[in-house]
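Enquirer: Sharing a model that was predicted from the sequence below.
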Amino acid sequence: MMHAFIIEDDYLIGQTIQDMLGALGFTRFSFATSRQPRLPGRLVEIKLDLITADARLFPGNGVKAVEVICEHRKSLSCS
């Protein structure tokens with residue numbers, strides 16, 4: 001099972017990304033719509049095979065969101 005985390009503030013674009021990734025074999029999906037997604041505890045603990053992020057989110061940007069997620073996950077794995 002491959003898991004993708006999609007950060008996208010436009011619902012239709014998020015669904016299109018999900019459909020495309022589903023065709024590539026991804027079977028599990030998580031979604032966030034802003035730069036600072038509230039990560040459920042289990043999302044931090046599970047293996048994410050791919051994170052996609054909109055470069056322009058309201059507010060913020062997807063690059064910063066991915067950086068925050070990676071730092072948060074890294075700090076948890078080091079404790």
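Expert: Everything's here; your move.

Enquirer: Mind checking the pLDDT average for stretch 52-71?
Expert: Mean per-residue pLDDT for stretch 52-71: 81.

Enquirer: Quick check: end-to-end length of that stretch?
Expert: The straight-line separation of the ends of stretch 52-71 (C-alpha to C-alpha, to the nearest Å) is 16 Å.

Enquirer: Just give me how far that stretch sits from the chain centre.
Expert: 9 Å (C-alpha atoms, centre = their mean, to the nearest Å).

Enquirer: what helices or strands is the longest helix that the chain contains leaning on?
Expert: Longest helix in the chain by number of residues (criterion: DSSP state H): helix 62-77. Here helix 62-77 touches strand 2-7, helix 41-45, strand 50-53, going by 3 or more C-beta pairs under 8 Å, 6 or more residues apart in numbering; DSSP states H and E. Heads up, the C-betas are built off the backbone N, CA and C, glycines and all.

Enquirer: Any idea which of the ones you listed has the lowest pLDDT on average?
Expert: helix 41-45 has the lowest average pLDDT among the helices and strands packed on helix 62-77, namely a mean of 60.

Enquirer: which element is residue 18 on?
Expert: Here residue 18, judged by DSSP states H and E, is contained in helix 11-23.

Enquirer: buried ones in that helix?
Expert: 14, 17-18, 21 (16 or more other C-beta atoms under 10 Å).

Enquirer: okay, the very next helix or strand once past that helix in CSV with CA atoms only?
Expert: On the C-terminal side of helix 11-23, the closest following helix or strand by DSSP H and E is strand 26-32. Extracted in CSV, the C-alpha atoms of strand 26-32 (Å, rounded to 0.1, in the frame of the first residue of the first chain):
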residue,chain,number,x,y,z
PHE,A,26,-1.4,4.8,-4.6
THR,A,27,-4.1,3.4,-2.4
ARG,A,28,-4.1,5.6,0.7
PHE,A,29,-4.5,9.3,0.8
SER,A,30,-4.4,12.1,3.4
PHE,A,31,-5.3,15.7,2.7
ALA,A,32,-4.6,19.2,4.1
